[in-house]
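> the following comprises the amino acid sequence and a computationally predicted model.
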Amino acid sequence: MADLFIIGGGINGCGIARDAAGRGLSVVLAEQGDLAQATSSASTKLFHGGLRYLEYFEFRLVREALEERETLLTAMPHISWPMRFVLPYHADMRFEGDTPTGRLLGMVMPWMKGRRPAWLIRLGLFLYDTLGGRKILPATRNLDLTRDPAGRALQERFKHGYEYSDCWVEDAKLVSLNARDAALRGAQIMTRTKVTAVERQADHWRITTEGGHLYRARALVNAGGPWVEDIIRNVARIDTTEGVRLVRGSHIVTRRLYDHDRCYFFQGSDGRIIFAIPYEQDFTLIGTTDKDHKASPSEARCSEEERDYLCAFASQYFARPVTAADVVWSYSGVRPLYNDGASSATAATRDYVLRLDQAGAPLLNVFGGKITTYRRLAESALAKLQPFFPQARPKWTARVALPGGDFPTDGVAALTAALKAAYPFLSDYWAARLIRAYGREAAVLLGQARTAGDLGQDFGATLTEAEVRWLMAHEFARRAEDVVWRRTKLGLRLSAEQIAALDEFMMRATSGVGHV
């Protein structure tokens, strides 16, 4: 009998599995598809405090997220790194009116009519700099966009702006590395394993998965993300008044729109914000939308309307308009926000809510959450479960490196140079990609190879058989889509024929692969 059975292989489920396994608890996790297959691979790829949440006076959420940025950055410098964000300012910019800040400003400064004075923007950025005890990341600074290179890509009307710090993260990779670390600490991670029924006993749960496999656990964690409410009602068959509000966030990826490595924070005429972010060296990521989603979470797609909205939004800022012809890929995910009755998808809380049901064996339901606060969510989940597991060791995950991440936060360049020196056949792009994906484990993956041919079959775009087999053995990949759209983003560079050949190879190889 396991201590914990976790339903859901997104960031919350895998984060809880890693934390619990590291405390000495026996853990089983079941994911109906691939790890990070839904929400956790469809984010804007940022560890950030949520600058716009200050408009809603969500100071605790923002402070916790800001504190976590540097905690997480220290633990995973290969898949997360600092980025600078440029916020262009213009006196005629409109902000969302139906926020606590908007309503307050409307009362004391009604002539502003939805605008925000420059001093208020700067005050918000000051709070953003100071709430989380920033130590590694540089502070906000003023920008003269008529002189700074970041201004060249923008329309001439933007003369002034601000530059602040947040962090990038490879979101799906974050999930697979948490799962890998959980497995290294003893957890059993099962992908493509759907839970079909759970039955509550007085002191344990009976869990049935597809195929009739039976498991028992002392406590059940429902980290089903967009499916969390469905699991409560239709799998556990428990009546509940709590649920999630499904909000679809869509992104587009375009050819590279500018020639520097900073991001842009754009405020729209409708009060919403989007980001434009350098992506995978040759592309720009633009997003996100916020729309209530009524269909199945698995049916989330970026519509033509959303694509055109993002293009038009970005075109309000960029000197050269962004068109549908620039878009090379799009993706969409559903955020399972706790249903707090907010009037709009944008206003719904991004905070997480944990509900412990003790009517028999314990059931912990996880609602909402942000990728930035996943580690804190996991700690809070284990605190809720602590009374049932007095033998569990104390919390431990803060600043503890994920696999491959045991090197300094400023050590990527040195690690990349060392990898190239040890493996001279690597191109600059190839070496940088491997370090950003595997950190110190890149050399373990390459092993004794002396030529590219030593790495086995070449699938294109620097993806080799050795890397694919590593991902199958260590990061739970089973199909080509797991590799090219989640563990990497090489789907942007591979042809449909190359991806099909990879899928055929992986299906043949699957039966002989075990996890490490």
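Thanks, I have it.
> let's test this: mean pLDDT of stretch 165-176, rounded?
Stretch 165-176 shows a mean pLDDT of 97.
> over to stretch 100-119?
The average pLDDT for stretch 100-119 rounds to 68.
> next, the buried residues of stretch 229-242.
Buried residues in stretch 229-242, counted by 16 or more other CB atoms under 10 Å: 229, 230, 231, 232, 235, 236, 238. Yep, even glycine has a C-beta here, placed from its N, CA and C like the rest.
> out of the residues you listed, which is nearest to residue 51?
For the buried residues of stretch 229-242, the minimum distance to residue 51 (CB to CB) is 29.5 Å, reached by residue 229.
> which strand or helix spans the closest one?
helix 228-230 (DSSP states H and E).
> my guess is residue 490 meets residue 484, correct?
Yes: counting by CB atoms under 8 Å, residue 490 does reach residue 484; the two are 4.9 Å apart.
> of these two, who's got more company?
Per other CB atoms under 10 Å, whichever of residue 490 and residue 484 has more neighbours is residue 484, with 25 against 22.
> is it true that that one touches residue 496?
No: if you go by CB under 8 Å, residue 484 and residue 496 don't touch, sitting 10.8 Å apart.
> need the overlap of contacts for residue 490 and residue 484.
Shared contacts of residue 490 and residue 484 (CB atoms under 8 Å, 6 or more residues apart in numbering): residue 463.
> where exactly do the helices run in the stretch 101-250 of the chain?
118-130, 171-184, 228-230 (DSSP state H, counting those that start in this stretch).
> hmm, back to that, the buried residues of stretch 229-242: which two are farthest apart?
Among the buried residues of stretch 229-242, 230 and 238 lie farthest apart (CB to CB), at 11.6 Å.
> tell me which of the helices of the stretch 101-250 of the chain lies nearest to residue 7.
Nearest to residue 7 among the helices of the stretch 101-250 of the chain is helix 228-230 (8.8 Å), distances taken as CB to CB.
> for that closest one, what is the average pLDDT?
For helix 228-230, mean pLDDT rounds to 94.
> low-scoring stretches of the stretch 101-250 of the chain, by residue?
101-102, 104-106, 108-109, 111-115 (pLDDT under 70).
> ok, which stretches of it are strands?
With strands called from DSSP state E, counting those that start in this stretch, the stretch 101-250 of the chain shows them at 141-144, 160-169, 188-190, 195-200, 205-209, 213-222, 244-255.
> can I get the ones you listed in a markdown table with mean neighbour count and distance to residue 25?
Shown next, in a markdown table, are these (neighbours: other CB atoms under 10 Å; distance: least, CB to CB, whole Å):
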| stretch | mean neighbour count | distance to residue 25 |
| --- | --- | --- |
| strand 141-144 | 14 | 46 |
| strand 160-169 | 22 | 26 |
| strand 188-190 | 20 | 12 |
| strand 195-200 | 18 | 19 |
| strand 205-209 | 19 | 15 |
| strand 213-222 | 20 | 9 |
| strand 244-255 | 23 | 26 |
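> CSV for those strands, including distance to residue 279?
As requested, the strands of the stretch 101-250 of the chain are exported to CSV (distance: least, CB to CB, whole Å):
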stretch, distance to residue 279
strand 141-144, 22
strand 160-169, 9
strand 188-190, 29
strand 195-200, 35
strand 205-209, 37
strand 213-222, 33
strand 244-255, 6
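> looking at the ones you listed, spot the one closest to residue 110.
strand 160-169 (24.7 Å).
> now do that closest one: distance to the chain's middle.
A distance of 18 Å separates the centroid of the chain from that of strand 160-169, by CA atoms, centre = their mean, to the nearest Å.
> what's the answer for stretch 3-13, then?
Remark: stretch 3-13 is offset 16 Å from the chain centroid, using CA atoms, centre = their mean.
> give the contact list for the most centrally placed residue in the chain.
Closest residue to the average C-alpha location of the chain: residue 171 at 3.5 Å, with CA atoms, centre = their mean. For residue 171, the contacting residues are 11, 36, 40, 41, 42, 43, 45, 371, by CB under 8 Å, 6+ apart.
> possible to save those residues as a markdown table with secondary structure, neighbour count and distance to residue 468?
Shown next, in a markdown table, are these (DSSP: H, G, I helix; E, B strand; the rest coil; neighbours: other CB atoms under 10 Å; distance: CB to CB, whole Å):
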| residue | secondary structure | neighbour count | distance to residue 468 |
| --- | --- | --- | --- |
| 11 | helix | 32 | 23 |
| 36 | coil | 30 | 18 |
| 40 | helix | 27 | 22 |
| 41 | helix | 26 | 18 |
| 42 | coil | 24 | 23 |
| 43 | coil | 23 | 25 |
| 45 | coil | 26 | 23 |
| 371 | helix | 25 | 26 |
